[in-house]
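1. Okay, sequence plus prediction incoming.
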Amino acid sequence: MDKQNISIVCFSGEFDKMLAAYTIATGAAATNREVTMFFTFWGLNALKKDRGRKAIGKDFLSRVFNFLMGGRNNLPLSRLNFGGASPKLMGGMMKKNNVAQLDELMEAASELGIRHYACEMSMHILGVTKDDLIDDVKEVVGVATFLNESEGAHIIFI
Amino acid sequence: MDKQNISIVCFSGEFDKMLAAYTIATGAAATNREVTMFFTFWGLNALKKDRGRKAIGKDFLSRVFNFLMGGRNNLPLSRLNFGGASPKLMGGMMKKNNVAQLDELMEAASELGIRHYACEMSMHILGVTKDDLIDDVKEVVGVATFLNESEGAHIIFI
Amino acid sequence: MDKQNISIVCFSGEFDKMLAAYTIATGAAATNREVTMFFTFWGLNALKKDRGRKAIGKDFLSRVFNFLMGGRNNLPLSRLNFGGASPKLMGGMMKKNNVAQLDELMEAASELGIRHYACEMSMHILGVTKDDLIDDVKEVVGVATFLNESEGAHIIFI
């Protein structure tokens, strides 16, 4: 019998939640499940080509917001972030305990053929364009596509 | 074939998460899916008749909590809230980019016939009564009703 | 017809979110649904034998993190936490309104035979061992087991 597909909405984009999302995603893909990841709002930050702080956008406010949110290197911990020190410390703890890092998980996701979609509406709001995002992003889609792709799948909102 | 129903639990009640919830909800309803929204805990704030800060409740603590949580105008951003300035700035960014505002999405949800349920237990805890909530709230229900209504549907906890 | 199983991922481990998780879990089990709870990351704190702050772990960083996160008595409110005062105040509001406390819900979950699994990877990262967790934790598992147990169930990520 076919296993149920997995459809993950990456909304919060925090370091620990992205780890959870990619751990579920790669684990599911490695056990022959179809996996789709939808990145919206803060989740988009993890997909920015520029991993540091960059003022993306055309107008002043998007530029300020994108600079403050930053890229993959600036993802905060959802608690006890200590100004960004914790994700780095936790990265060290993961390395020491031989747990896959976020970068490795994202690479694995790419190799396992996990589909990455970016949310059109939140890109509009935040002034982020497809060119600002890594090549793993297959397409920029709306909620209708998300729902169609998720038909019959588990939806996991993270 | 019938499309899968959507059952959204609005727990966190932050500005950005309510936007996500209503975007999924209205998108799903507009594409012929049955949608039910369950409001619990912080999510109830978005449904208060009074959109500002009001000391709802009978005892001192509920009154303090409800005043601090406020109503729809006081929903914070889940990150970078800056004392409530960000939701207002983001509302401006949405308007500029012709993205539907939260109020418009909520109106659309109402017109699309999306069922709004409020969680009995969290209303008890917070001292909020049905009279404090907008008329879109069809019923105050418990977890058993929520689960029955969600049978076979996607449950999305936001 | 058999009701759909419920599979809850307890990731955030905040006081209010654990309340929501256990309310759904016990409500589902009481209405003849199979319920499984997976505890990962911050969610593990609710399952620590030691309910207060204890420096669990072998190395310095895990000990600091575990001390800061604390146990069941230290779960913060996801908003308006006020240095930990709010969960205690809210506990009082729940008692006054005859709403089941977290401890009571966890006891009920145990009596209803709800399966508790702890996430192997996050235990590795945080230096928490099975001995540090309450006896309700049936097994320490990885993502593959989680996905297999969740086949056909509602996955609720909290």
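-> Structure's in. What do you need?

2. Helix, strand or coil: sort out the residue of chain A found nearest chain C for me.
-> For chain A, the residue positioned closest to chain C under Cβ to the nearest Cβ is A:Gly27, at a distance of 3.3 Å. For every residue, glycine as well, the C-beta is placed using N, CA and C. Three-state assignment for A:Gly27 (DSSP: H, G, I helix; E, B strand; the rest coil): helix.

3. tally of neighbours for the residue of chain A at minimum distance from chain B?
-> With Cβ to the nearest Cβ, the shortest gap between chain A and chain B falls at A:Val143, namely 3.3 Å. A:Val143 has 21 neighbouring residues, counting by other Cβ atoms under 10 Å in any protein chain shown.

4. contacting residues around the residue of chain A closest to chain C?
-> Listed by Cβ atoms under 8 Å, 6 or more residues apart in numbering or on different chains, the contact set of A:Gly27 reads C:Gly142, C:Val143, C:Ala144, C:Phe146, C:Leu147.

5. one more time with 10 Å
-> Going by Cβ atoms under 10 Å, 6 or more residues apart in numbering or on different chains, A:Gly27 touches A:6, A:33, A:35, A:105, A:108, A:112, C:121, C:142-147.

6. could you pull out the helices for chain A?
-> A:15-30, A:60-69, A:85-96, A:102-111, A:120-126, A:143-149 (DSSP state H).

7. Of these, flag the one that's most buried.
-> Burial of those is given as mean neighbour count (mean count of other Cβ atoms under 10 Å in any protein chain shown); helix A:15-30 ranks first at a mean of 24.

8. quick one: low-confidence ranges for chain A?
-> A:1 (pLDDT under 70).

9. change it to 90
-> For chain A, the stretches with pLDDT under 90 are A:1-2.

10. Reformat the helices of chain A as JSON lines; add distance to C:Phe60.
-> Listed next are these as JSON lines, based on distance: least, Cβ to Cβ, whole Å:
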{"stretch": "helix A:15-30", "distance to C:Phe60": "20"}
{"stretch": "helix A:60-69", "distance to C:Phe60": "31"}
{"stretch": "helix A:85-96", "distance to C:Phe60": "10"}
{"stretch": "helix A:102-111", "distance to C:Phe60": "23"}
{"stretch": "helix A:120-126", "distance to C:Phe60": "38"}
{"stretch": "helix A:143-149", "distance to C:Phe60": "43"}
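
11. ok, so what distance separates the closest residue to A:Asn148 other than its chain neighbours from B:Leu112?
-> The spatial neighbour of A:Asn148 that comes closest, neighbours along the chain excluded (Cβ to Cβ, 6 or more residues apart in numbering or on different chains), is B:Thr31 at 8.0 Å. B:Thr31 is 10 Å from B:Leu112, where distance means Cβ to Cβ, to the nearest Å.

12. re the thing from before, next, the contact list for the residue of chain A closest to chain B, please.
-> A:38, A:40, A:119-121, B:20, B:23-28, B:30-31.
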